[in-house]
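S.K.: Using only what follows, build the 3D model:
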Amino acid sequence: MLKLSGHGVALITPFDKNGDIDFEAFYLHIERLISSKVDYLVVMGTTAETATLSPTEKNRLQSFVVDTVNRRLPLVLGVGGNDTQTVTALLQQTNLEGYAAILSVCPYYNKPNQEGLFQHFDQIAKHSDLPIILYNVPGRTSCNLLPDTVVRLAEKHSKIIGIKEASGDMLQVQNLIRKTPDTFQVISGDDALAVPIILAGGVGVISVFGNLMPDRMTQMIHLALENRVKEANNEQYALMDLMELLFMEGNPTGLKAALYLQGYCENTLRLPLVSASENLLEALRNEMGVLELIKER
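M.R.: Numbering: from 1, shown residues only. You can find the predicted model right below:
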């Protein structure tokens, strides 16, 4: 079974000032993450502003990441949606060469019940050639994939190997870990809960924050996995204020503003997302100054 323990990073999509994909910045960003020894990369997640990318852009990005990484790290590809038939067709049409697994988000807008969620992922498992990581993020989808439904899916399909859990509910996370098979991988989808989820039995995180401070985030996650509780918590506490700022105006608004302050990409997002407010920029500038992250542009 594919093991995705440790620190996975949900990649941004850098845009230039005209709003086009900045492949040069993207290349440098990927190389920086690899040199910082992150454990794997997630392509076409929420942080990538995937909903604003055209099919042609998605194909270019998927191939670009495969070519750039060149098998140095495992790659996970986001393949999800709110129409089961479209998602299963996409799985058959997409070139998945170079990817180790897919990450599939709960259907959004439709608000299916638990049986609808079960049948949705049941169909995806039947049509996917790759292992599947479920993605539960109720704050974005308006539905919550509950532990008992995850258990049903994990017991029926060995291909469903884990879940990125971003409900923010630690009791739900603990029930997931308690009820699912021992081989099932519970991955934190909340940066601020990564350490407590690992200490409860989770296997790691798929992070937003890792785009900004990949080395510190990797260190924190590995300390938690080694059960070095005090050191892991100290790292988490040192970074919590900056983590909170990144999400103050939504993701990836704060992240792109912070990366802009570091000089890694333009502060450009695609509508309906907009760039960070001046107040957030100033708050980020101050907190990043404390952590000595600001670069002269």
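S.K.: going forward, measure contacts between C-alpha atoms and count neighbours the same way
M.R.: Noted.
S.K.: Let me see the ranges of the helices in the chain.
M.R.: Counting by DSSP state H, the segments of the chain that form helices are 23-35, 55-69, 84-93, 114-127, 138-141, 147-156, 170-179, 194-199, 214-225, 229-246, 253-262, 278-290.
S.K.: how close does Val203 sit to Thr56?
M.R.: Separation of Val203 from Thr56 (Cα to Cα, to the nearest Å): 34 Å.
S.K.: quick one: the nearest residue to His222 once chain neighbours are set aside from Val69, how far?
M.R.: When the adjacent residues along the chain are set aside, His222 lies closest to Gly6, with 6.5 Å between them (Cα to Cα, 6 or more residues apart in numbering). For Gly6, the distance to Val69 equals 18 Å [Cα to Cα].
S.K.: do Val43 as well
M.R.: 12 Å.
S.K.: ok, now Glu282?
M.R.: With the distance defined as Cα to Cα, Glu282 ends up 34 Å from Val69.
S.K.: about what we covered before: if you count surrounding residues, which of Val43 and Val69 has more?
M.R.: Each of Val43 and Val69 had its neighbours counted (other Cα atoms under 10 Å), and the higher figure belongs to Val43 (26 against 17).
S.K.: which residue sits closest to Leu271, ignoring its sequence neighbours?
M.R.: Closest residue to Leu271 apart from its sequence neighbours, by Cα to Cα, 6+ apart: Thr52 at 7.8 Å.
S.K.: I'd assumed Leu269 was in contact with the one you found.
M.R.: No - with contact defined as Cα atoms under 8 Å, Thr52 does not reach Leu269; the gap is 9.5 Å.
S.K.: neighbour-wise, which of the two wins?
M.R.: Using other Cα under 10 Å as the criterion, Thr52 and Leu269 rank with Leu269 on top: 23 against 14.
S.K.: unless I'm mixing things up, that one is touching Gly19, no?
M.R.: Yes - the pair formed by Leu269 and Gly19 meets the contact definition of Cα under 8 Å, at 7.2 Å.
S.K.: Generate TSV for the helices of the chain, with distance to Pro107 as supplementary columns.
M.R.: What follows is these, written out as TSV (distance: least, Cα to Cα, whole Å):
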stretch	distance to Pro107
helix 23-35	28
helix 55-69	19
helix 84-93	8
helix 114-127	8
helix 138-141	6
helix 147-156	14
helix 170-179	19
helix 194-199	24
helix 214-225	29
helix 229-246	25
helix 253-262	23
helix 278-290	31
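S.K.: Adding distance to Ser207 and mean pLDDT, write those out as TSV.
M.R.: Shown next, in TSV, are the helices of the chain (distance: least, Cα to Cα, whole Å; pLDDT from 0 to 100):
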stretch	distance to Ser207	mean pLDDT
helix 23-35	12	98
helix 55-69	18	97
helix 84-93	24	96
helix 114-127	23	98
helix 138-141	16	95
helix 147-156	21	98
helix 170-179	17	98
helix 194-199	9	98
helix 214-225	8	98
helix 229-246	10	97
helix 253-262	11	97
helix 278-290	18	94
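S.K.: To Thr13, which of these lies closest?
M.R.: The minimum distance between Thr13 and the helices of the chain falls on helix 23-35, with 7.0 Å, by Cα to Cα.
S.K.: Which positions within the closest one qualify as buried?
M.R.: In terms of neighbour count (16 or more other Cα atoms under 10 Å), helix 23-35 has its buried residues at Phe23, Ala25, Phe26, His29, Ile30, Leu33, Ile34.
S.K.: List of residues touching it?
M.R.: Surrounding helix 23-35, the residues in contact under the criterion Cα atoms under 8 Å, 6 or more residues apart in numbering are Thr13, Pro14, Thr68, Val69, Arg72, Leu73, Asn211, Pro214, Tyr264, Cys265.
S.K.: No more questions from me, cheers.
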